[in-house]
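**Q** using only what follows, build the 3D model:
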Amino acid sequence: MPLPPKRLLLTPGPTPIPPEVVAAMATPLPHHRSPEFKELFVGVLGKLKAVFRTTDDVLLFSASGTGAFESAYANLLSPGDRILVVTAGNFGDRWVKMGEAYRADVEVLRYPWGARPDPDEVAARIVGRDDLTAAFVVHSETSTGATADLQAIAEGSRGRSAVLVVDAISSLGATPLETEAWGLDVVVTGSQKALMTPPGLAFASVSARALERSAQATNPRFYFDWARTLAAQRKGATAFTPPISLILGLDAALDRIEAAGLEAMWERTRRMGAGLRAAVRALGLELYSPDDPDCSLVTAVSLPDGIDGDAVRLGLRDRHGITAAGGQGPLKGRIIRFGAFGFIEPLDLVAGMAAFEQELAAAGHPVELGTGVGALTRVLAAAPQVSA
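**A** Reported below is the predicted structural model:
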């Protein structure tokens with residue numbers, strides 16, 4: 001039987017998994033109520049606080065990032081509560097739908113897909129609103145590649161009575177995010193993005209103010225109950241059976257982040273994103289994602305009329321073993337998205353760009369092979385590289 005082809009993930013998630021993470025997940029399982037696991041789990045929770053940049057509790061759930069985000073709706077709201085959801089893409093729209101499912105009174109601040117929310121406008125819709133229970137903001141909208149100015153939103157809304165909930169599912173660990181310094185109430189992320197662990201774990205950093213609000217909320221909750229989860233974690237345990245192998249892998253991934261340095265990881269993302277944007281411009285293509293260093297996590301490329309983005313994406317996968325992401329919703333077939341964080345390495349991007357050039361040429365776009373690769377490598381070579 002022939003060996004499977006080598007595969008390269010260049011998506012905004014899941015991202016590739018470092019070998020030591022894979023090795024950690026292959027070790028024999030400790031029982032989840034054993035002293036060995038307790039020591040591991042307590043250590044992981046402490047390392048998560050360092051990545052979240054907070055001294056508040058970080059709650060761990062066996063779920064996708066969407067599950068941890070749902071925990072905010074379940075724990076903060078009562079039926080009929082008014083909430084604000086800021087949306088400029090697919091995931092913001094998802095949180096609108098979630099609010100409706102929880103029978104909240106959902107107020108939507110909508111921006112065009114691909115836009116960056118105006119921080120002053122967002123803050124103005126939050127501050128001075130005693131009728132508003134919570135505001136939900138997407139930090140990195142991976143469907144478009146746009147990253148919100150979360151720091152400006154948080155600082156502009158410091159006088160709020162509403163709880164500020166942040167979708168940092170792709171951004172935490174990849175770009176600056178200061179949970180405690182910026183005064184963020186709830187920050188949610190998942191394991192399969194910048195944390196370089198397979199899907200299945202999700203996390204919510206919860207401030208004391210958010211915990212106080214949750215004690216007053218009446219929405220039903222059980223599996224995602226913050227109080228139940230927190231009570232178990234403070235004893236070094238989980239409320240329910242956890243995915244032990246994933247936590248073993250996460251421990252190794254967090255060690256890797258600590259060794260590299262979180263700030264260095266942030267700068268690495270900016271450098272790789274700058275290289276991708278330079279490559280896109282050199283190829284005569286338009287960027288769909290903002291041409292901004294703060295929007296370096298995901299580079300979305302608009303494809304010329306007459307070129308089927310899905311066909312290009314499938315060509316990358318089937319002929320080159322490279323998985324990029326396509327467009328979602330109204331952008332299906334119109335864009336290609338490349339991630340630049342997690343365990344995606346600079347030379348992975350070089351391989352991906354070389355294959356992308358070939359697929360563009362095959363689709364009829366005039367390409368001088370090596371143009372995009374050259375622009376990318378010149379940016380990457382301009383500064384020392386940091387490994388994830």
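**Q** every contact and neighbour count from this point should use C-alpha atoms.
**A** Noted.
**Q** and the longest helix along the chain, what does it pack against?
**A** Ranked by number of residues, the top helix in the chain under DSSP state H is helix 262-282. With contacts taken as 3 or more Cα pairs under 8 Å, 6 or more residues apart in numbering; DSSP states H and E, helix 262-282 sits against strand 286-287, strand 298-302, helix 346-362, helix 371-380.
**Q** poorly predicted segments of the stretch 251-388 of the chain, please.
**A** Applying pLDDT under 70 to the stretch 251-388 of the chain flags residues 384-388.
**Q** how about a cut-off of 80?
**A** 383-388 (pLDDT under 80).
**Q** name the nearest residue to residue 243, sequence neighbours excluded.
**A** Once flanking residues are discounted, residue 243 sits nearest to residue 62: 6.6 Å by Cα to Cα, 6 or more residues apart in numbering.
**Q** one step back: could you dump the helices and strands packed on helix 262-282 into TSV and include distance to residue 245?
**A** Formatted as TSV, the helices and strands packed on helix 262-282 follow (distance: least, Cα to Cα, whole Å):
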stretch	distance to residue 245
strand 286-287	39
strand 298-302	29
helix 346-362	27
helix 371-380	35
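**Q** tell me which of these lies nearest to residue 13.
**A** strand 298-302 (10.1 Å; Cα to Cα).
**Q** neighbouring strands of the closest one in the sheet, and parallel or not?
**A** With DSSP bridges as the test, strand 298-302 is paired with strand 286-287 (antiparallel), strand 335-339 (antiparallel).
**Q** what's the most buried one of those?
**A** strand 335-339 (a mean of 27; mean count of other Cα atoms under 10 Å).
**Q** what's the angle between that one and helix 262-282?
**A** 150 degrees (axes from the mean of the first three to the mean of the last three Cα atoms, to 10 degrees).
**Q** run the chain-centre distance for strand 335-339.
**A** 14 Å (Cα atoms, centre = their mean, to the nearest Å).
**Q** shaky segments in the stretch 1-150 of the chain?
**A** If you take pLDDT under 80 as the line, the stretch 1-150 of the chain has these spans: 1-5.
**Q** now the helices for it?
**A** Remark: helices assigned in the stretch 1-150 of the chain by DSSP state H, counting those that start in this stretch are 19-25, 35-52, 65-76, 90-101, 119-126, 150-156.
**Q** what's the most buried one of the ones you listed?
**A** Of the helices of the stretch 1-150 of the chain, helix 65-76 is the most buried (mean count of other Cα under 10 Å), at a mean of 23.
**Q** how far off centre is stretch 314-323?
**A** Centroid separation between stretch 314-323 and its chain, computed with Cα atoms, centre = their mean, is 24 Å.
**Q** sorry, back to before: what distance do you get for the residue nearest to residue 243 to residue 93?
**A** Note on residue 62: its distance to residue 93, by Cα to Cα, to the nearest Å, is 24 Å.
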